[in-house]
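K.L.:
Need the 3D shape of this:
(2 chains)
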Amino acid sequence: QKEVEQNSGPLSVPEGAIASLNCTYSDRGSQSFFWYRQYSGKSPELIMSIYSNGDKEDGRFTAQLNKASQYVSLLIRDSQPSDSATYLCAVMWGLNTGTASKLTFGTGTRLQVTL
Amino acid sequence: DVKVTQSSRYLVKRTGEKVFLECVQDMDHENMFWYRQDPGLGLRLIYFSYDVKMKEKGDIPEGYSVSREKKERFSLILESASTNQTSMYLCASSEPRRWFEAFFGQGTRLTVV
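P.N.:
Numbering: from 1, shown residues only, chains lettered A, B, ... in the order given. Predicted coordinates for the structure are as follows:
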């Protein structure tokens, strides 16, 4: 069974620090990886996507992918209290055929940014 | 802004009832999804649809069915509700080229008693 694993947390970091969120997946055939953010009581929203090995930066967020080790991570620099949320890792298995495909979500890591 | 609207925020139903959860999106998206979210289990895909009258099973379709008669509307049906279907249900939609960017509705908290 294809799995996506995340530490549930909470991960507590002080304001201004770097938060590092990790995700491992079970299938080497995975092609595409996504990070969603979910505030308490709200619905998830897409914040990052990554498809190739290496780093992808978007503002204070950096997604890192290592397909050989089957992990993907999200770094949040200069963490702010407004970053406190649950971060969901999502993986697409197989090739994107251009139609909707299945995303498998991890259970999420709860991040707490403290003042 | 994309808007995905679910018909109810909270719903309480009895065991054995047939339950309909409705979802409407206003962005002309081809793709629509139904997920359930449970503590410790995360988001799990129940069904999705990439076109009117088309449907595909997700990871946990048992006990559910769906209907997509119009592009903007995707309904989730619990044929005979059971207590293990108590959950938060999330509908989402996306466009074909960015199918992975799912825009979620506000969720329906369903309790089956």
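
K.L.:
B:Ser87 bridge partners, please.
P.N.:
Legend: beta-bridge partners of B:Ser87 under DSSP bridges are B:Leu110.

K.L.:
Test my guess that it contacts B:Gly107.
P.N.:
No: under the criterion of CB atoms under 8 Å, B:Ser87 is not in contact with B:Gly107, lying 9.8 Å apart. Where you see a C-beta, it was placed from the backbone N, CA and C, and this is true even at glycine.

K.L.:
Now do the strands in chain B.
P.N.:
B:4-6, B:10-13, B:19-25, B:31-38, B:42-49, B:56-57, B:64-70, B:73-78, B:87-94, B:103-104, B:108-112 (DSSP state E).

K.L.:
Chain A too?
P.N.:
Using DSSP E, the strands of chain A run over A:4-5, A:11-14, A:19-25, A:30-38, A:45-50, A:54-58, A:61-66, A:71-76, A:85-93, A:103-105, A:109-114.

K.L.:
Any stretches of chain B with poor pLDDT?
P.N.:
B:1-2 (pLDDT under 70).

K.L.:
need the residues of chain B near chain A, please.
P.N.:
B:30-31, B:33, B:40-45, B:48-50, B:56, B:58-59, B:90, B:94, B:96-97, B:99-107 (CB under 8 Å from any CB of the partner chain).

K.L.:
7 Å - rerun?
P.N.:
Within reach of chain A by CB under 7 Å from any CB of the partner chain, chain B has these residues: B:31, B:40-43, B:45, B:48, B:50, B:58, B:90, B:94, B:96, B:99-102, B:104-107.

K.L.:
Pull out the buried residues from those residues.
P.N.:
B:31, B:42-43, B:45, B:48, B:50, B:58, B:90, B:94, B:99-102, B:104-105, B:107 (16 or more other CB atoms under 10 Å in any protein chain shown).

K.L.:
who touches B:Lys71 in this structure?
P.N.:
For B:Lys71, the contact set (CB atoms under 7 Å, 6 or more residues apart in numbering or on different chains) comprises B:28, B:52.

K.L.:
Report the central residue of chain B.
P.N.:
Against the mean C-alpha coordinate of chain B, by CA atoms, centre = their mean, the closest residue is B:Trp34 at 2.8 Å.

K.L.:
List the contacts of that residue.
P.N.:
B:46-47, B:66, B:74, B:76, B:89, B:91.

K.L.:
rerun that using 10 Å as the cut-off
P.N.:
If you count contacts by CB atoms under 10 Å, 6 or more residues apart in numbering or on different chains, B:Trp34 has them with B:21, B:23, B:44-49, B:55, B:58, B:61, B:64, B:66, B:74-76, B:89-92, B:105.
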